[in-house]
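# pasting the sequence and the predicted coordinates here, then a few questions.
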Amino acid sequence: MKKFTVKESFWEVFPEAKIGTIVIEGIDNTLKEPEKYEKMLREAEKQALTYFDDEEFSSNEVIKVWRDAFQKFKTKKGARSSIEALLKRAYKEKPIGTINPLVDLYNSISLKYALPCGGEDMDTFVGDVRLTKAEGNEAFVTLGSDKSEPPYEGEIIYKDDAGGICRC
């Protein structure tokens, strides 16, 4: 990846968004101390519970804000933010298992701050990465699949020169 840019089409939809990036190089992403990461996830799950003040899950502001955001662009019916899935597990006291150090770290950050957070392997990017509205013809293969399911035209995506990297 040469650079990361946020295109004007994104800012038109979310003019007050705040976006942060971190680049980590030379990391060993093998799970050597699973108990350390499990502890980190359990602490983050406890922190996540502080965001719920309404018994109705969807009525909590931390959920509503992301559902409202998803109403501003075209996406598959019923699509939800990644943070909603994590928060729902914490809310229902269904512990999140360890995957690998980086995924566990960004899941913990997501839970602790109730914000979507993710990671990608920069060595796999083709050209620059852009946060933008989809044209609708970008190749996009969901994790665990080999079939391309292009995003909707106008859907918010991260993409490189080869296609979509992350949807919604």
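Now that the structure is in, tell me what you want to look at.
# what sits against L105?
Contacts for L105 (C-beta atoms under 8 Å, 6 or more residues apart in numbering) come out as 37, 40. C-beta coordinates here come from the backbone N, C-alpha and C atoms, glycine included.
# now it: which helix or strand?
L105 is part of helix 101-113, with elements assigned from DSSP states H and E.
# any idea how far that helix is from the chain center?
10 Å (C-alpha atoms, centre = their mean, to the nearest Å).
# tell me which residues in that helix are buried?
101, 103-112 (16 or more other C-beta atoms under 10 Å).
# ok, those residues vs R130, which is closest?
Y106 (20.5 Å; C-beta to C-beta).
# and the closest residue to that closest one other than its chain neighbours, how far from F125?
Of all residues not flanking Y106 in the chain, C117 sits nearest, at 4.4 Å (C-beta to C-beta, 6 or more residues apart in numbering). C117 sits 18 Å away from F125, going by C-beta to C-beta, to the nearest Å.
# just the helices in the chain please.
8-13, 34-49, 61-70, 82-91, 101-113 (DSSP state H).
# hey, C-alpha coordinates of the last one in PDB?
Right, helix 101-113. Written as PDB, here are the backbone C-alpha positions of helix 101-113 (Å, rounded to 0.1, in the frame of the first residue of the first chain):
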ATOM      1  CA  PRO A 101      -3.200 -11.600  18.700                       C
ATOM      2  CA  LEU A 102      -4.200  -8.900  16.200                       C
ATOM      3  CA  VAL A 103      -7.900  -9.900  15.900                       C
ATOM      4  CA  ASP A 104      -8.100 -10.200  19.700                       C
ATOM      5  CA  LEU A 105      -6.500  -6.800  20.100                       C
ATOM      6  CA  TYR A 106      -8.900  -5.000  17.700                       C
ATOM      7  CA  ASN A 107     -11.900  -6.900  19.100                       C
ATOM      8  CA  SER A 108     -10.900  -5.800  22.600                       C
ATOM      9  CA  ILE A 109     -10.500  -2.200  21.400                       C
ATOM     10  CA  SER A 110     -13.900  -2.300  19.700                       C
ATOM     11  CA  LEU A 111     -15.600  -3.600  22.800                       C
ATOM     12  CA  LYS A 112     -13.800  -1.200  25.200                       C
ATOM     13  CA  TYR A 113     -14.700   1.900  23.200                       C
END
